[in-house]
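Asker: the sequence and its predicted three-dimensional model are supplied below.
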Amino acid sequence: MTQHSVICPGSFDPPTDGHINIIERGLEIFDHITVAVAINRSKKTIFDPNERVNMLSELLKKHANVEIDSFEGLLVDYCKKKKINTILRGIRTVSDYEYELQMSLANRILYPGFETIFMMTEGRFSHISSSIIKEVISFGGSGKSMIHPFVEKKLREKLKTELTQKN
Ligand code: COA
């Protein structure tokens, strides 16, 4: 049997329970998953790439067949370098589908033979996004059922530091 590796890329700013759910369900199907933190200097992020990699490493440490990495530039170039030709993405809503369709078609033009596998996000995670979570926590709400308590702690610390720096 051939080993099938996939890449699970994203901003993960911060990683949510929805992201982890897709990765863990992916592990039921694929032999190895590379979770790749995208470094996009034009997207304003609250956590730097190392912090995002560290949070993912903590959340996924029990899985020996998960590798956490980061990349800058085109995803397809990173995949070629890693010799991976399949990407795993979660879809929450119809608007996700439109965005994902464009990305998967563009990626296939850039890297013929490159495949995107979509997994439907579980209903309980379909309303979650990293931006919504940042807003909830910044207004003192709870991250329960959306982010791991460890991520919630990091996010609270980060938002507190940002607020202190602004004042
Ligand atoms: N559960 C919960 N939330 C989810 C989720 C899930 N299963 N899947 C995605 N999200 C949320 C994220 O939290 C994020 O929320 P935010 O917009 O509030 O921050 C949003 O959906 C999109 O996030 P993500 O999945 O991280 O995608 P992205 O759009 O930030 O990045 C890349 C997608 C990294 C794959 C893409 O930008 C890329 O390939 N970049 C490299 C450059 C490149 O090759 N570009 C050409 C592509 S054709």
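Answerer: Nice, thanks for sending it over.
Asker: list of residues touching stretch 89-108?
Answerer: 8, 18-19, 21-22, 75-76, 87, 114-121, 125-128 (CB atoms under 8 Å, 6 or more residues apart in numbering). Where you see a C-beta, it was placed from the backbone N, CA and C, and this is true even at glycine.
Asker: under the pLDDT cut-off, which ranges of the chain? List them.
Answerer: For the chain, the stretches with pLDDT under 70 are 1-3, 167.
Asker: count of residues packed around the residue nearest to Ile20 when sequence neighbours are not counted?
Answerer: In this structure, Ile20 finds its nearest non-sequential neighbour in Leu59, 5.8 Å apart by CB to CB, 6 or more residues apart in numbering. When neighbours are defined as other CB atoms under 10 Å, Leu59 has 24 of them.
Asker: does Leu59 touch Pro14 like I think?
Answerer: No: checked against CB atoms under 8 Å, the pair Leu59 and Pro14 is beyond contact range at 9.7 Å.
Asker: need the residues touching each of these two.
Answerer: Val151.
Asker: thanks again, I'm all set now.
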